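S.K.: Based on what follows, work out the 3D shape:
(2 chains)
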Amino acid sequence: QKEVEQNSGPLSVPEGAIASLNCTYSDRVSQSFFWYRQYSGKSPELIMSIYSNGDKEDGRFTAQLNKASQYVSLLIRDSQPSDSATYLCAVIRINYDMRFGAGTRLTVKP
Amino acid sequence: EAQVTQNPRYLITVTGKKLTVTCSQNMNHEYMSWYRQDPGLGLRQIYYSMNVEVTDKGDVPEGYKVSRKEKRNFPLILESPSPNQTSLYFCASSFQGASPLHFGNGTRLTVT
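M.R.: Take a look at the predicted model:
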């Protein structure tokens, strides 16, 4: 089992729809969780961090964490074509190094 | 401007010719790390450093060396590059190990 797994994608949604991205992790003691967005050929940029169970909202983005199920998700409301990118789930393990999922490519169609 | 600076952005070299990719951050971060990114495999950690003179192996350290003599710099050294090290490399830093990472712009390396 991979340490961090994401939907293989690609995921395609129409403009204005909700995009739902999912991630599971294997290390039960992980405490810090992040979502990064990466445009093609560019470096990853942090869009959300979440540390405790529940929902965290920032503008059109909502991160959800369920530690019991070892599951973290990202919802993008009112999706825009500019949201088209690869989204990386990242988890910090007990020894403080960050592990990434392989990423889910999202396409928002006008 | 707070940033992580990698150089060069693009590098084409031949098998066996030693090379160094530099990484510098101006945020006084303690933690620095190197990743390589390959299609379908995502970001894989090569080496990381929790502080000056403290480095440790990540998932794919074979064929790479690092050093952390100063807090701001964390160069990646390929003593004898091989074609399977052709990849996109990212340096990243954070305030401490449990904090979000800030990435450099990446170095696209091609080894022929």
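
S.K.: Now do the SS call for B:D59.
M.R.: Recorded secondary structure, B:D59: coil (DSSP: H, G, I helix; E, B strand; the rest coil).

S.K.: So what does it look like in phi/psi?
M.R.: phi -80, psi -30 (degrees, to the nearest 10).

S.K.: isn't it right up against B:Y48?
M.R.: No: contact criterion C-beta atoms under 8 Å: B:D59 and B:Y48 do not qualify, at 10.3 Å. Bear in mind the C-beta positions are built from the backbone N, C-alpha and C, glycine included.

S.K.: residues contacting residue 82?
M.R.: I went with chain A, as the question did not name one. A:V108 (C-beta atoms under 8 Å, 6 or more residues apart in numbering or on different chains).

S.K.: you looked at the wrong chain, it should be chain B
M.R.: Residues in contact with B:S82 (C-beta under 8 Å, 6+ apart) are B:15-16, B:63, B:111.

S.K.: of the residues you listed, closest to A:P10?
M.R.: In terms of C-beta to C-beta, no member of these lies closer to A:P10 than B:V111, at 29.3 Å.

S.K.: okay but the closest one is in contact with B:S80, surely?
M.R.: No: look at B:V111 against B:S80 with C-beta under 8 Å: they stay out of range, at 10.0 Å.

S.K.: Can you pick out the residue with more neighbours from B:D59 and B:Y48?
M.R.: When B:D59 and B:Y48 are compared for neighbours, B:Y48 comes out ahead with 25 against 14, by other C-beta atoms under 10 Å in any protein chain shown.
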